[in-house]
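Enquirer: Build me a structure from this.
(one chain, ligands or ions: 1)
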Amino acid sequence: MSTCNQPGGAGSPEDENSESSAAQYNQDLKSVLVTSVLNLEKLDVDLYRGTHHWVPRTQRLFGGQIVGQALVAAANSVSDNLFAHSLHCYFVRAGDPKVPVLYQVDRTRDGRSFTVRSVKAIQHGQPILICQASFQIVQPSPLQHQFTMPVVPQPEDLLTVEELIHLYLSKPDLAEKSRQGLNKLLANEVPIEIKPVQPPHFQRIAGAEPKKLFWVRARGYIGEGNMKLHCCVAAYVSDFAFLGTALLPYPNFRAQFSASLDHAMWFHTIFRSDEWMLYECESPWAGGSRGLVQGRLWRRDGVLAASCSQEGVLRVKPVAEPSKL
Ligand SMILES: CC(C)(COP(=O)(O)OP(=O)(O)OC[C@H]1O[C@@H](n2cnc3c(N)ncnc32)[C@H](O)[C@@H]1OP(=O)(O)O)[C@@H](O)C(=O)NCCC(=O)NCCSC(=O)CCCC(=O)O
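Expert: Below is the predicted model of the structure:
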């Protein structure tokens with residue numbers, strides 16, 4: 001652990017070391033997360049409708065999308081001088097990709113420093129997610145410490161998941177089944193860019209520690225200045241590939257049924273979700289058909305931006321041995 005010269009929290013002046021130069025982005029390519037996914041339609045006071053962009057192969061709604069949209073709805077009901085510092089959610093039913101999701105906000109409490117909102121995400125008249133989010137005005141503190149960011153290669157020296165897949169696809173001895181699987185992955189239109197620190201073995205053969213590190217950012221341009229929005233995007237991003245960390249030690253099993261049960265997040269300081277952040281994920285425990293994962297989102301200048309925790313149901317079955325005949 002190290003003490004660090006953290007900025008004064010959400011809302012403090014933009015970070016000087018940030019990649020904020022708009023020249024790095026094509027500003028025409030606005031992130032679809034902002035133009036579509038997190039752009040909720042207001043139906044009435046504290047009532048919103050959200051639509052879907054990317055739906056996972058499981059054909060249940062992506063948890064990060066529901067959490068991100070719930071946080072947008074909550075944030076819309078608080079004043080501009082309040083910033084999300086934490087959220088706690090339960091996924092109580094699978095989200096149906098065929099219909100939109102309604103978000104109903106309850107203004108639980110407006111305090112002097114802290115304000116709490118409860119959001120229910122509803123489909124077919126029933127909750128699919130319950131979420132509590134807490135907001136705070138900017139308050140300085142002499143207490144400032146954080147862990148130290150792991151030392152890893154910079155994103156410029158690493159390949160994206162898509163580039164890695166193309167590399168694997170170019171291997172002449174690739175089995176047809178693997179080729180099909182990789183092509184399916186390529187067809188995914190995930191609005192997030194990922195650069196794994198240790199390139200994944202798309203066909204895992206050995207068990208690994210339940211830890212992974214990858215650089216991640218929203219695809220497209222968002223721009224600086226809207227910290228509320230960056231928190232909502234980070235909520236979306238933070239659920240991606242998170243629970244899979246708990247499966248890393250078990251190459252001989254594959255998930256038959258996996259879904260996140262809950263998701264919690266703490267936002268520590270300002271950051272930009274359209275700039276590379278290091279996602280450090282680890283799973284300290286699995287048992288009882290569940291797995292616990294914890295994550296830290298680091299700004300590339302080493303500042304801890306957010307922390308996450310999630311428990312998921314993990315029902316696995318042994319990978320079929322190749323026939324010896
Ligand atoms: C978690 C559950 C399923 C719990 O509901 P439940 O009625 O208690 O369901 P369940 O009994 O656990 O059944 C679920 C499923 O597990 C099966 N099952 C049940 N018991 C066993 C067993 N002993 N052996 C083997 N299988 C078992 C059941 O038959 C169910 O399977 P089925 O759905 O029928 O195919 C529900 O609350 C729910 O669906 N919540 C929403 C979860 C969710 O949608 N989370 C967000 C999406 S997941 C995500 O986004 C992860 C990230 C994806 C990524 O990284 O790519």
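Enquirer: Nearest the middle, which residue of this structure would you pick?
Expert: The residue at the geometric middle of the chain, judged as the C-alpha nearest the mean C-alpha position with Cα atoms, centre = their mean, is residue 238 (1.7 Å).
Enquirer: How about the contacts made by it?
Expert: By Cβ atoms under 8 Å, 6 or more residues apart in numbering, the residues touching residue 238 are 64, 67, 263, 265, 279, 295, 297, 306, 308. Any C-beta I mention is one placed from the backbone N, CA and C, and that applies to glycine too.
Enquirer: For this structure, which segments count as helices?
Expert: Using DSSP state H, the helices assigned to the chain run over residues 32, 63-76, 161-169, 176-187, 227-238.
Enquirer: Quick check: mean pLDDT of the shortest one?
Expert: Averaging the model's pLDDT scores along helix 32 yields 91.
Enquirer: Ok, stretch 115-126 next?
Expert: The average of the pLDDT scores along stretch 115-126 is 98.
Enquirer: would you put the C-alpha positions of it in CSV?
Expert: Output in CSV follows, covering the C-alpha atoms of stretch 115-126 (Å, rounded to 0.1, in the frame of the first residue of the first chain):
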residue,chain,number,x,y,z
THR,A,115,-27.9,11.4,-1.0
VAL,A,116,-29.2,7.9,-1.5
ARG,A,117,-31.3,6.6,-4.4
SER,A,118,-33.0,3.2,-4.9
VAL,A,119,-33.6,2.1,-8.5
LYS,A,120,-35.7,-0.8,-9.6
ALA,A,121,-35.2,-2.1,-13.2
ILE,A,122,-38.4,-3.6,-14.4
GLN,A,123,-39.5,-5.9,-17.3
HIS,A,124,-42.8,-7.6,-17.7
GLY,A,125,-44.0,-5.8,-14.5
GLN,A,126,-41.3,-7.5,-12.3
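Enquirer: buried stuff in it?
Expert: For stretch 115-126, the buried set under the neighbour-count rule, 16 or more other Cβ atoms under 10 Å, comprises 115, 116, 117, 118, 119, 120, 121, 122, 123.
Enquirer: With the ligand as the reference, name the closest of the helices of the chain.
Expert: Nearest to the ligand among those is helix 63-76; the distance by Cβ to the nearest ligand atom comes to 3.1 Å.
Enquirer: Per-residue pLDDT of residue 172, please?
Expert: In this model, residue 172 is scored at 86, pLDDT.
Enquirer: Which pair of the contacts of residue 238 spans the longest distance?
Expert: Using Cβ to Cβ, the pair of the contacts of residue 238 lying farthest apart is 67 and 279, separated by 15.3 Å.
Enquirer: Please say which of the two ends up with more neighbours.
Expert: The residue with more neighbours, out of residue 67 and residue 279, is residue 67; 29 against 26, by other Cβ atoms under 10 Å.
Enquirer: what's residue 248 in contact with, if anything?
Expert: With contacts defined as Cβ under 8 Å, 6+ apart, residue 248 is in contact with 207, 208, 209, 210, 211, 212, 283.
Enquirer: low-scoring stretches of this structure, by residue?
Expert: Screening the chain residue by residue with the criterion pLDDT under 70, one finds the ranges 1-28, 201-205, 321-325.
Enquirer: do that again at 50, thanks
Expert: Along the chain, the model assigns pLDDT under 50 to residues 1-25, 323-325.
Enquirer: Strands of that one, start to end?
Expert: When secondary structure is read from DSSP state E, the chain shows strands at 2-3, 41-44, 47-50, 82-91, 101-110, 114-123, 126-137, 145-146, 192-196, 211-218, 253-267, 277-287, 290-299, 304-318.
Enquirer: Nearest approach to residue 32 belongs to which of the ones you listed?
Expert: Distances from residue 32 to each of the strands of the chain were compared by Cβ to Cβ, and the smallest falls on strand 211-218, at 8.6 Å.
Enquirer: That closest one vs strand 277-287, what angle?
Expert: Following axes from the mean of the first three to the mean of the last three Cα atoms, to 10 degrees, one obtains 140 degrees for the angle between strand 211-218 and strand 277-287.
Enquirer: Which secondary structure elements does strand 211-218 sit against?
Expert: The elements that strand 211-218 packs onto, with contact taken as 3 or more Cβ pairs under 8 Å, 6 or more residues apart in numbering; DSSP states H and E, are strand 192-196, helix 227-238, strand 277-287.
Enquirer: Which strands border the last one, and is each parallel or antiparallel?
Expert: Next to strand 277-287 in the sheet, as set by DSSP bridges, lie strand 211-218 (antiparallel), strand 290-299 (antiparallel).
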